[in-house]
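Participant: A structural model of the following input is requested.
(2 chains)
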There are 2 protein chains.
Amino acid sequence: MTEIKVLQKVLASNDALAQSHRKIFDQNNVTAINIMSAPGSGKTSLLEKTIEKIKNNKKIFVIEGDIKGNLDAMRLLKKGADCIQINTQGQCHLDGFMLSQALPKIDLSKVELLFIENVGNLVCPAEFDLGTHYNVMMLSTPEGSDKPVKYPLMFSKADLLLVNKIDLLPYVQFDFDNLEKSLKKLKPKLKLIKISCKTGEGIEEWVDWVLGEIGKRRNRR
Amino acid sequence: MTEIKVLQKVLASNDALAQSHRKIFDQNNVTAINIMSAPGSGKTSLLEKTIEKIKNNKKIFVIEGDIKGNLDAMRLLKKGADCIQINTQGQCHLDGFMLSQALPKIDLSKVELLFIENVGNLVCPAEFDLGTHYNVMMLSTPEGSDKPVKYPLMFSKADLLLVNKIDLLPYVQFDFDNLEKSLKKLKPKLKLIKISCKTGEGIEEWVDWVLGEIGKRRNRR
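Facilitator: You can find the predicted model right below:
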């Protein structure tokens, strides 16, 4: 089937770009984190909270991916973050080519922590390596705990799973035992942090994870 | 760019399949409804409620689209619906080719109402016409009211918008004025029904819409 071959070619050239971007991040001592989730899980809210907590401590830059509009970038600029918006014009994910157009516009020598907020989608973003050091996946409680069974690639590519909107647990059906059971099959050692971007619960643990990973990477040099 | 040309070819052959499927539905007096939303918005819960309400009145069949697994199909079988599961094996949407493999397995002469539950995704499903008579889009309140600005194609392709999980309105930020403002720009006459699959609120209005559209189509013959 033609489309499959083309997809393989697209993925191969994407992987090559991802490798070169990873090198650029390393050369500039930038820790890069790709944040992925379904639409409306709370990626931008997480970044708002994160910027508030560590902008005086770490130099942060955010690349915002959306099909259209710049609503999220505007929210982060208000919080005092440096930010670029990529509009994918219909594409359902960010890819290496889009990133190659954005990176030259950023002075990476002045960045310590680069967040990339991917397009809200549980499928395609998982297929396109962006050269980031970490993939962080966010699942919000109203989406339900059955998602790893339905979207296994996304969960298997994650280095960290944030379960957001735990403030809604009294009002939604979300079964942590069921989630953990399916994660055990898919990715047994996946670290999970429960958070609420509304109440702030768990945000400290997430920030500690981010700062800890930056420290580990620095020590490996 | 090669990938764009391939995409155009894929979409052109999909459109041809959609036309032929629409004819097959019409020949069999089947009303076909494509249901689309982000992951976890409540498509399967809606179908559970709908089946309960009208299975004694209308002959219903459901085609379930998921990347992997058959959790949703199992839920609907329990409610007494006839159901087929399509596993897209990584593809982020249903398309005409997948449907062409499923339809011969269904005795359409015994079906009045065919629901197709698409893969949970706010992007690609909107690009692939399935030959259904209606596209119903579901947005749940925890996802936020900013989605039409970010995912305009999906909203512009919808014939009906269901805003689900209104029982969560006291606990989430969801601005109906903001939603209606952006819909006015995008698709001014889009009908909107507020529902809660949990409490049952609005389900009667949704079922009335479905039965009303079946009636209108019958009268046009």
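Participant: CA only for contacts and neighbour counts going forward, please
Facilitator: Will do.
Participant: Near the closest residue to A:H93 other than its chain neighbours, how many other residues are there?
Facilitator: Leaving aside its chain neighbours, A:H93 sits nearest to A:P125 (4.8 Å; criterion: C-alpha to C-alpha, 6 or more residues apart in numbering or on different chains). The tally of other residues near A:P125 (other C-alpha atoms under 10 Å in any protein chain shown) stands at 22.
Participant: In contact with A:P125, which residues?
Facilitator: A:36, A:92-95, A:118-119, A:154 (C-alpha atoms under 8 Å, 6 or more residues apart in numbering or on different chains).
Participant: mind listing the helices in chain A by residue range?
Facilitator: A:2-27, A:43-54, A:71-78, A:96-102, A:147-150, A:152-156, A:176-186, A:203-220 (DSSP state H).
Participant: can you list contacts of the shortest one?
Facilitator: It refers to helix A:147-150. By C-alpha under 8 Å, 6+ apart, helix A:147-150 touches A:154-155, A:179, A:182-183, A:186, B:39-40, B:66-69.
Participant: mind redoing it with 7 Å?
Facilitator: A:155, A:182-183, B:66-69 (C-alpha atoms under 7 Å, 6 or more residues apart in numbering or on different chains).
Participant: show me what contacts the residue nearest in space to the middle of chain A?
Facilitator: Geometric centre of chain A, nearest residue: A:I35, 0.7 Å, by C-alpha atoms, centre = their mean. Neighbouring residues of A:I35 by C-alpha under 7 Å, 6+ apart: A:43, A:116-118, A:135-137.
Participant: which of those sit farthest apart?
Facilitator: A:K43 and A:N135 (12.7 Å; C-alpha to C-alpha).
Participant: neighbour-wise, which of the two wins?
Facilitator: A:K43 (26 against 23).
Participant: residues contacting that one?
Facilitator: A:K43 neighbours (C-alpha under 7 Å, 6+ apart): A:35, A:117.
Participant: burial measure for the nearest residue to A:V30 once chain neighbours are set aside, as a count.
Facilitator: Among residues not flanking A:V30 along the chain, A:E112 sits closest, at 4.7 Å (C-alpha to C-alpha, 6+ apart). A:E112 has 18 neighbouring residues, counting by other C-alpha under 10 Å.
Participant: do the same with the one 5 residues further on
Facilitator: By the measure other C-alpha under 10 Å, the count of residues near A:E117 is 25.
Participant: Quick check: it vs B:K184, distance?
Facilitator: The spacing between A:E117 and B:K184, counted by C-alpha to C-alpha, to the nearest Å, is 28 Å.
Participant: Equivalent analysis for A:D177, please.
Facilitator: Distance from A:D177 to B:K184, by C-alpha to C-alpha: 43 Å.
Participant: ok, now A:G212?
Facilitator: 47 Å.
Participant: Next one, pLDDT for the residue nearest to A:V30 please.
Facilitator: On the pLDDT scale, A:E112 is placed at 96.
Participant: Over to A:A12?
Facilitator: For A:A12, the model assigns a pLDDT of 86.
Participant: Does A:T31 touch A:L114 like I think?
Facilitator: Yes - contact status for A:T31 versus A:L114: in contact at 6.1 Å, counting by C-alpha atoms under 7 Å.
Participant: Report the contact partners of the nearest residue to A:K165 once chain neighbours are set aside.
Facilitator: Counting by C-alpha to C-alpha, 6+ apart, the nearest residue to A:K165 once its immediate chain neighbours are dropped is A:S196, at 4.7 Å. Applying C-alpha under 7 Å, 6+ apart, we find A:S196 in contact with A:164-167, A:202.
Participant: Pull the contacting residues for A:A158.
Facilitator: A:135-137.
Participant: Which single one of those is nearest to chain B?
Facilitator: Checking those against chain B with C-alpha to the nearest C-alpha, the nearest one is A:M137 at 13.9 Å.
Participant: Compute the number of surrounding residues for the closest one.
Facilitator: If you count neighbours by other C-alpha under 10 Å, A:M137 ends up with 25.
Participant: Pull out the buried residues from the helix or strand of chain A with the lowest mean pLDDT.
Facilitator: The weakest-scoring helix or strand in chain A, judged by mean pLDDT, DSSP states H and E, is helix A:2-27 (a mean of 83). By neighbour count with 16 or more other C-alpha atoms under 10 Å in any protein chain shown, helix A:2-27 contains the buried residues A:10-11, A:14-15, A:17-22, A:25-26.
Participant: from those residues, which is closest to chain B?
Facilitator: Of the buried residues of helix A:2-27, the one sitting nearest to chain B (C-alpha to the nearest C-alpha) turns out to be A:V10, at 8.0 Å.
Participant: Would you mind listing what in chain A touches chain B?
Facilitator: With C-alpha under 7 Å from any C-alpha of the partner chain as the criterion, chain A meets chain B at residues A:3, A:6, A:38-41, A:66-69, A:92, A:121, A:123-124, A:142-144, A:149-151.
Participant: please redo it, this time with the cut-off set to 8 Å
Facilitator: Residues of chain A lying close to chain B (C-alpha under 8 Å from any C-alpha of the partner chain) are A:3, A:6, A:10, A:38-41, A:66-69, A:90-92, A:121-124, A:142-144, A:147, A:149-152, A:168, A:171.
Participant: just the buried members of those?
Facilitator: A:10, A:38-41, A:66-69, A:90, A:92, A:121-124, A:142-144, A:147, A:149-152, A:168.
Participant: State the distance from A:D208 to chain B.
Facilitator: 27 Å (C-alpha to the nearest C-alpha, to the nearest Å).
Participant: how far away is that residue from A:R217?
Facilitator: From A:D208 across to A:R217, the span is 14 Å (C-alpha to C-alpha).
Participant: returning to what we had before: what's the residue nearest to A:V30 in contact with, if anything?
Facilitator: A:29-31, A:58-60.
Participant: How about A:E143?
Facilitator: B:39-41.
Participant: ok, which of those also contact chain A?
Facilitator: Counting by C-alpha under 8 Å from any C-alpha, the members of the contacts of A:E143 near chain A are B:39-41.
Participant: Distance to A:A102 for these - can I get that in a markdown table?
Facilitator: Output for those, formatted as a markdown table (distance: C-alpha to C-alpha, whole Å):
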| residue | distance to A:A102 |
| --- | --- |
| B:P39 | 29 |
| B:G40 | 32 |
| B:S41 | 32 |
